[in-house]
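A.B. asks: For reference, the sequence and a predicted model appear below.
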There are 2 protein chains.
Amino acid sequence: MSPEFELIRRHFIRPMRGDALGPGDDCALVAPSPGCELAVTSDMLVSGTHFLPDTDPRRLGWKTLAVNLSDLAAMGATPRWVTLALSLPQVDDAWLAALSDGFFECAYIYGVDLIGGDTTRGPLTLCVTAFGEVAAGKALRRSGAQDGDDIWVSGQPGRAALGLADVLGRLRLKDACRDDYIAALEKPLPRVALGCALPGVASAAIDVSDGLLADLGHVAAASDLHAVVEDAALPWPALRAACDDEATVRRALLAGGDDYEVLFCAPRRAHDALRQLSESLSLPLNRIGAMCAGRAGDVSLIDAQGCELPIAHRGYDHFS
Amino acid sequence: MSPEFELIRRHFIRPMRGDALGPGDDCALVAPSPGCELAVTSDMLVSGTHFLPDTDPRRLGWKTLAVNLSDLAAMGATPRWVTLALSLPQVDDAWLAALSDGFFECAYIYGVDLIGGDTTRGPLTLCVTAFGEVAAGKALRRSGAQDGDDIWVSGQPGRAALGLADVLGRLRLKDACRDDYIAALEKPLPRVALGCALPGVASAAIDVSDGLLADLGHVAAASDLHAVVEDAALPWPALRAACDDEATVRRALLAGGDDYEVLFCAPRRAHDALRQLSESLSLPLNRIGAMCAGRAGDVSLIDAQGCELPIAHRGYDHFS
């Protein structure tokens, strides 16, 4: 074995907690739990597209896994296993050590085993496939929202977008929140505990990766409903305290991705259960609107009088 | 949805044969069969590292999937599902149409459903994760070989390496076999039927992706045995008929990867069953040596008198 390949094995093979057959054979072997479906998601992160080339590798390792766990959370699945395919322009021992530390820190916290993957030479690219388990038939699909359901969102969407604007030098956030907002961008917390608690409570869910209104549009389209967001119900105060530019704040909250909050729909009767869940998880859950029949696939933003407000930006598209 | 994203969806969403929840939600959902383990493998193909930038996209699409199915075959697993993550420098409709045609041709022939993935902008990179099912406890691991087992290899290893040498202009293969050898490189046939038939017959297996002797070394190391290859038992005649340069022929067969043949070990008593299997699959299976106690992890090449021959090349390493 070459020294370089040995180096990669050293960084990416660690003791596993479960009983899967991990790296070292042609395939990993996992035994899904009886009665469960397997939720599967893949995300590819490319240097220059998804992260800046000089991003702290420890945070990059964390985020590479976290964005996939967020997809599992949005289906209501419990994370179990993950593969990592890695293309590297060169082997940099210190950089790889930091990357793997961040990756495994996230894996450890969320109870995931790295079971396999691939390493090759090429432009810096990371591709994770993550596997979670969910009771058969209980997964939260985008298509499950019902007429009259409330729309909810976790946490504080918009922080990552403001953090990115600061990192890129486009604005300067207030010192009191700057580190937190950059951490929201570089080390997002996937809402795993929330996701695992939502099956049976929520009717539909998605994680906010491309933008709140854009991702809500996916739910509206899949559910054949009209999503109506109440501007006054959105969590504005924290963002306004962080940044004085109202247009930037509005764009960050409505169209900023990369926070990996969970947007979900739930019937009115779930209101109290969700308030209790919010308290037990110490995670804000805000009701921001409702799903309505008619205008299938549309997303509207309304003011306190019920008048539609213009929407300048909905989200991010890699190919636009 | 942007026109570009729509384009990608058009090329990569096709009717599925199984009942998995496919692309379009945060995750795919699959229901593994009761009593089965899931075999999972990931391979990343990078332009310029794994394929030439001007490779026929239809063949590239085929190969991207085929190399993963080969890993499943080497575990004795039946292919079921696959995800594809794709990084593209630009959206080229005709190129994508050809790529997806090749990918889905392979998926259709081997009974695999594309259940999800990712598309993004970046250097041309393809990352597939493939899932197969195998009866619990029956998967073929590299570590299962026993002292005295025969070593077998399917088909004709070395063809892809000679095909590559021709494509790169380093030699000119005889016309009678040239197209076949280039097809072995660009459109390899994963040995799925063989792999599915080997559990219960073979003791260990690996697919030959990096080189016959290199990959055999992985089996020897995992099984704590000495692999002894009999030079005279190797399938030389076809390669010698294709190419006059004996040194190139030797390197292609002993150290050439990319054929995706299956190398496996089996007890002597399996000999007749394997001969019958070879006939029923119309696939040559050659016994090329034996596994011996002692010198754990070593691979030797011996002549007809049992004397060790020098080994110039064993295989390919991306980081050497």
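C.D. replies: Looks like it arrived, so ask away.

A.B. asks: Going along the chain, name the strands of chain A.
C.D. replies: A:28-30, A:36-46, A:78-88, A:113-121, A:125-135, A:150-154, A:204-207, A:226-230, A:262-266, A:285-292, A:299-302 (DSSP state E).

A.B. asks: Can you redo those as CSV, where the extra columns are mean pLDDT, distance to A:Glu246 and mean neighbour count?
C.D. replies: For the C-beta atoms, the positions are set from N, CA and C on the backbone; glycine is no exception. Listed next are the strands of chain A as CSV, based on pLDDT from 0 to 100; distance: least, Cβ to Cβ, whole Å; neighbours: other Cβ atoms under 10 Å in any protein chain shown:
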stretch, mean pLDDT, distance to A:Glu246, mean neighbour count
strand A:28-30, 87, 49, 25
strand A:36-46, 93, 32, 25
strand A:78-88, 94, 38, 25
strand A:113-121, 89, 44, 23
strand A:125-135, 95, 36, 26
strand A:150-154, 98, 20, 25
strand A:204-207, 96, 26, 28
strand A:226-230, 98, 17, 21
strand A:262-266, 98, 23, 28
strand A:285-292, 98, 19, 20
strand A:299-302, 97, 15, 20
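
A.B. asks: Looking at those strands, which is nearest to B:Arg14?
C.D. replies: strand A:36-46 (17.5 Å; Cβ to Cβ).

A.B. asks: returning to that earlier point: can you tell me which of the strands of chain A is nearest to B:Arg314?
C.D. replies: strand A:113-121 (18.7 Å).

A.B. asks: residue boundaries of the helices in the stretch 51-200 of chain A?
C.D. replies: Assigned by DSSP state H, counting those that start in this stretch, the stretch 51-200 of chain A shows helices spanning A:57-75, A:93-110, A:159-167, A:175-186, A:192-197.

A.B. asks: Name the residues that touch the fourth one?
C.D. replies: Taking Cβ atoms under 8 Å, 6 or more residues apart in numbering or on different chains as the criterion, the residues outside helix A:175-186 that touch it are A:55-56, A:59-60, A:62-63, A:156, A:159-164, A:166-167, A:172-173, A:238, A:241-242, A:258-259.

A.B. asks: please redo it, this time with the cut-off set to 6 Å
C.D. replies: For helix A:175-186, the external contacting residues (Cβ atoms under 6 Å, 6 or more residues apart in numbering or on different chains) are A:Arg59, A:Arg159, A:Ala160, A:Leu162, A:Gly163, A:Leu164, A:Leu173, A:Ala242, A:Asp259.

A.B. asks: which of those tops the neighbour count?
C.D. replies: Highest neighbour count within the contacts of helix A:175-186: A:Asp259, with 30 neighbours (other Cβ atoms under 10 Å in any protein chain shown).

A.B. asks: Can you give me the distance of it to chain B?
C.D. replies: Distance, A:Asp259 to chain B, by Cβ to the nearest Cβ, to the nearest Å: 15 Å.

A.B. asks: Same question for A:Arg269.
C.D. replies: In terms of Cβ to the nearest Cβ, A:Arg269 sits 25 Å off from chain B.

A.B. asks: give me the number of residues near A:Arg275?
C.D. replies: 12.

A.B. asks: Not counting sequence-adjacent ones, nearest residue to it?
C.D. replies: Spatial nearest neighbour of A:Arg275, chain neighbours left out: A:Leu285 (7.5 Å); criterion: Cβ to Cβ, 6 or more residues apart in numbering or on different chains.

A.B. asks: beta partners for that neighbour?
C.D. replies: A:Ser154 (DSSP bridges).

A.B. asks: Quickly list what the residue nearest to A:Cys27 when sequence neighbours are not counted is bridged to.
C.D. replies: Nearest non-adjacent residue to A:Cys27, counting by Cβ to Cβ, 6+ apart: B:Ala39, 3.9 Å away. For B:Ala39, the beta-bridge partners under DSSP bridges are A:Leu29, B:Gly132.

A.B. asks: What's the separation between B:Ala39 and B:Ala270?
C.D. replies: Distance from B:Ala39 to B:Ala270, counting by Cβ to Cβ, to the nearest Å: 22 Å.

A.B. asks: re the thing from before, please identify the deepest-packed of the helices of the stretch 51-200 of chain A.
C.D. replies: helix A:57-75 (a mean of 27; mean count of other Cβ atoms under 10 Å in any protein chain shown).

A.B. asks: ok, A:Val208 - how many residues close by?
C.D. replies: Counted with other Cβ under 10 Å, A:Val208 comes out at 28.

A.B. asks: Next, work out how far apart A:Asp43 and chain B are.
C.D. replies: In terms of Cβ to the nearest Cβ, A:Asp43 sits 5 Å off from chain B.

A.B. asks: My understanding was that that residue contacts B:Thr119; is that so?
C.D. replies: No. Counting by Cβ atoms under 6 Å, A:Asp43 sits too far from B:Thr119 to count as a contact (10.7 Å).

A.B. asks: Would you mind giving the domain segments of chain A?
C.D. replies: Split into domains by automatic domain parsing, chain A comes to A:3-135, A:142-302.

A.B. asks: Just give me the closest of the contacts of helix A:175-186 to chain B.
C.D. replies: A:Asp259 (14.8 Å; Cβ to the nearest Cβ).

A.B. asks: residue contacts, the closest one?
C.D. replies: A:Pro157, A:Arg159, A:Ala160, A:Ala184, A:Val208.

A.B. asks: Using CSV, lay out these together with pLDDT.
C.D. replies: Shown next, in CSV, are the contacts of A:Asp259 (pLDDT from 0 to 100):
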residue, pLDDT
A:Pro157, 96
A:Arg159, 96
A:Ala160, 94
A:Ala184, 94
A:Val208, 95
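
A.B. asks: Tell me how many other residues crowd the nearest residue to A:Ala161 once chain neighbours are set aside.
C.D. replies: Sequence neighbours aside, A:Gly256 is the residue nearest to A:Ala161 in space, at 2.7 Å (criterion: Cβ to Cβ, 6+ apart). For A:Gly256, the count of nearby residues is 30 (other Cβ under 10 Å).

A.B. asks: What of A:Pro34?
C.D. replies: Applying the criterion other Cβ under 10 Å, we find 9 residues in the vicinity of A:Pro34.

A.B. asks: how near is it to chain B?
C.D. replies: Taking Cβ to the nearest Cβ, one finds A:Pro34 at 7 Å from chain B.

A.B. asks: before we move on, what about A:Gly102?
C.D. replies: 20 Å.

A.B. asks: Ok, A:Ala73 next?
C.D. replies: 8 Å.

A.B. asks: Tell me who's in contact with that residue.
C.D. replies: A:Pro190, A:Arg191, A:Val192, A:Gly195, A:Val262.

A.B. asks: which bits of the stretch 51-200 of chain A sit near chain B?
C.D. replies: With Cβ under 6 Å from any Cβ of the partner chain as the criterion, the stretch 51-200 of chain A comes near chain B at residues A:71, A:74-75, A:83, A:85, A:87, A:117-118, A:120-123, A:125, A:127, A:129, A:139, A:141-142.

A.B. asks: which one of the domains of chain A has the lowest average pLDDT?
C.D. replies: Least confident of the domains of chain A, judged by mean pLDDT, is domain A:3-135 with a mean of 90.

A.B. asks: Using JSON lines, lay out the helices of the stretch 51-200 of chain A together with distance to A:Leu301.
C.D. replies: Formatted as JSON lines, those follow (distance: least, Cβ to Cβ, whole Å):
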{"stretch": "helix A:57-75", "distance to A:Leu301": "22"}
{"stretch": "helix A:93-110", "distance to A:Leu301": "33"}
{"stretch": "helix A:159-167", "distance to A:Leu301": "17"}
{"stretch": "helix A:175-186", "distance to A:Leu301": "23"}
{"stretch": "helix A:192-197", "distance to A:Leu301": "24"}
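
A.B. asks: For the spatially closest residue to A:Pro53 that is not a sequence neighbour, the count of nearby residues, please.
C.D. replies: Sequence neighbours aside, A:Ser47 is the residue nearest to A:Pro53 in space, at 5.2 Å (criterion: Cβ to Cβ, 6+ apart). Neighbour count for A:Ser47, taken as other Cβ under 10 Å: 19.
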